[in-house]
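*Asks:* turn this into a model:
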Amino acid sequence: MRIFVRGSLKSAKFCTNLGVFAPRRANRQRFAVGQSAAALTALHAALAGEFVQNSVQKFSKKLLQRVGAQAPNHIVTLQNVIRVLQWLSMPAMRKNLYDTYPRVFDRSVERSDPNLFSVTTPENVFQEAQKQNRPLFRYMMNDLMQHGSGIAGYENLKEMGRLVDGGKSALILSAHFSNFDVPALYTLLYHRGEEGRRLFEKIIFIAGRKLTEGPREVKAMAEMFNRVVITAKGVNMTPEEIQLALAINKASQKAIAKLQKEGNIFLLYPTGTRSRMGDAQTYNGIREIYNYMRKFDYFMCCGIAGIILPARDDVPMIGEYPRKDRVTYSFGPVRKTEDYLAEIEAQLYDENSDKKQFVIDKVMDQIYALGFDPRKAMPLAQVKYNPYAIYASNAYRNMVENMGQGLKNMRTKVAEQFSSKISQPVVNGTRNFREALKSFFE
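*Replies:* Got it, this is the predicted structure:
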């Protein structure tokens, strides 16, 4: 596979060793890289100064100028290597979410009541969907989701709808990779016609209060969907804040019990946060979800394949970089909760083991079996999901180990540079929501 270099390098000549050329129609600020191991290996070798041909030296000089390097002979320095790798591993759209869809967010904020749900109280824990902005976000989802996106196991979801219509309580436990998981699901069900739209309106999401108390752009999206809000209580909170958090969670429990009897389906993310490449902690389900499962008659798992807004830890949602992808939601079979828990608990041979965590781990196995499993070695094609995922990729590690002692030294330095970023705390309250789930379900 060739490597495509787009931008002001139109005059760069074809480099036989790299397979580089510049297409006619190109964004002057954009680079995209082929996904094959051979192409990336060649590129990394070029960055390490392996090539001596004049054409490649000219190309390297221009490339380094684009990322702030001073001269070709500085290409082997750690700073320049990291700059290039960060640049090339960013999502291909090369613009953050707001810059890509400014009119969508500007108009959605204009249409959103700034005072509605801006402060969570025990009286407004159930926040009913405000639908005026749905067409705007539907346009954005249609633009990002590629042909072939859809829903697998749709009949299972319909069965869940029939169960709640018959007075049963039902829960969906889903994978969570993106801030767009909910609007993408809404858009796919919307295209299923009246039946799919009716099913979506039955779904109530368990959400953290930060979604509507944070940036207005995030609030304008979150308020489009039915939610029951919960909150965390922490050691750094004042007595008044702890008292309010307890009151909110108590009111949320009452709201859930009431809404369960009214033909609604609840959807919960067992990880309590978006799963991130290279951060194993975000792949695991929270043990306290076990207590929540027992309150429902039936449940199902939902897996997701495809990510159109890869998670970033260093920026708010509108600063994340979108990407076009084929997105599939896969709904597993409907299971009677009581029977499932008895079946899984019977597999626990060690009485000293944590029964709740064991059950939730089995649930996560089923969720990831239905879609993308972040616990497995990350495919090379997904390195571009996250600028910090380069070192987390086993494919990248193996590649570098075969490229000579010079690049092995670079690998060590890159690992040191990125290790702190891979484990840095998540901003915008996402980790806080994990704590909220633990507090709520304990």
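*Asks:* show me the strands in the stretch 151-300 of the chain, by range?
*Replies:* Along the stretch 151-300 of the chain, counting by DSSP state E, counting those that start in this stretch, strands occupy 170-174, 203-208, 227-230, 265-268, 298-305.
*Asks:* so which of these is nearest residue 108?
*Replies:* Set against residue 108 and scored by Cβ to Cβ, the strands of the stretch 151-300 of the chain come closest in strand 227-230, at 16.8 Å. For every residue, glycine as well, the C-beta is placed using N, CA and C.
*Asks:* quick one: strands adjacent to that closest one?
*Replies:* Paired with strand 227-230 in the same sheet, following DSSP bridges, are strand 126-127 (antiparallel), strand 203-208 (parallel).
*Asks:* may I have the longest one as CSV, with CA atoms only?
*Replies:* Same thing as strand 203-208. Output in CSV follows, covering the C-alpha atoms of strand 203-208 (Å, rounded to 0.1, in the frame of the first residue of the first chain):
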residue,chain,number,x,y,z
ILE,A,203,-34.4,3.9,25.9
ILE,A,204,-33.4,5.9,29.0
PHE,A,205,-29.7,6.4,29.6
ILE,A,206,-27.9,6.5,32.9
ALA,A,207,-25.8,9.6,32.8
GLY,A,208,-23.5,11.8,34.9
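*Asks:* could you check the angle it makes with strand 170-174?
*Replies:* Here the directions of strand 203-208 and strand 170-174 differ by 60 degrees (axes from the mean of the first three to the mean of the last three Cα atoms, to 10 degrees).
*Asks:* average pLDDT for strand 203-208, rounded please.
*Replies:* What strand 203-208 shows for mean pLDDT is 94.
*Asks:* also stretch 286-293?
*Replies:* Rounded mean pLDDT across stretch 286-293 is 91.
*Asks:* report the backbone C-alpha coordinates of that stretch in PDB.
*Replies:* Taking C-alpha atoms only, stretch 286-293 is exported to PDB below (Å, rounded to 0.1, in the frame of the first residue of the first chain):
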ATOM      1  CA  ILE A 286     -17.500  -1.800  37.500                       C
ATOM      2  CA  ARG A 287     -18.400  -4.600  40.100                       C
ATOM      3  CA  GLU A 288     -21.200  -2.500  41.500                       C
ATOM      4  CA  ILE A 289     -23.100  -3.000  38.300                       C
ATOM      5  CA  TYR A 290     -24.000  -6.400  39.600                       C
ATOM      6  CA  ASN A 291     -26.400  -4.900  42.200                       C
ATOM      7  CA  TYR A 292     -28.100  -2.900  39.400                       C
ATOM      8  CA  MET A 293     -28.500  -6.000  37.100                       C
END
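*Asks:* now that stretch: buried residues?
*Replies:* 286-290, 292-293 (16 or more other Cβ atoms under 10 Å).
*Asks:* now do stretch 296-309
*Replies:* Quick answer for stretch 296-309 (16+ other Cβ under 10 Å): 296-309.
*Asks:* which ones are touching the nearest residue to residue 369 once chain neighbours are set aside?
*Replies:* Closest residue to residue 369 apart from its sequence neighbours, by Cβ to Cβ, 6 or more residues apart in numbering: residue 303 at 6.8 Å. By Cβ atoms under 8 Å, 6 or more residues apart in numbering, the contact set of residue 303 is 174-175, 329-330, 332, 367-372.
*Asks:* top of the residues you listed by neighbour count?
*Replies:* residue 175 (27 neighbours; other Cβ atoms under 10 Å).
*Asks:* from residue 229, how far out is the closest residue to it other than its chain neighbours?
*Replies:* Distance criterion Cβ to Cβ, 6+ apart; nearest residue to residue 175, sequence neighbours excluded, is residue 304 at 4.6 Å. Taking Cβ to Cβ, to the nearest Å as the measure, residue 304 and residue 229 are separated by 23 Å.
*Asks:* where do the helices of the stretch 51-200 of the chain begin and end?
*Replies:* With DSSP state H, counting those that start in this stretch as the criterion, the stretch 51-200 of the chain has helices at 54-66, 78-89, 97-100, 102-111, 134-144, 154-165, 181-190, 194-201.
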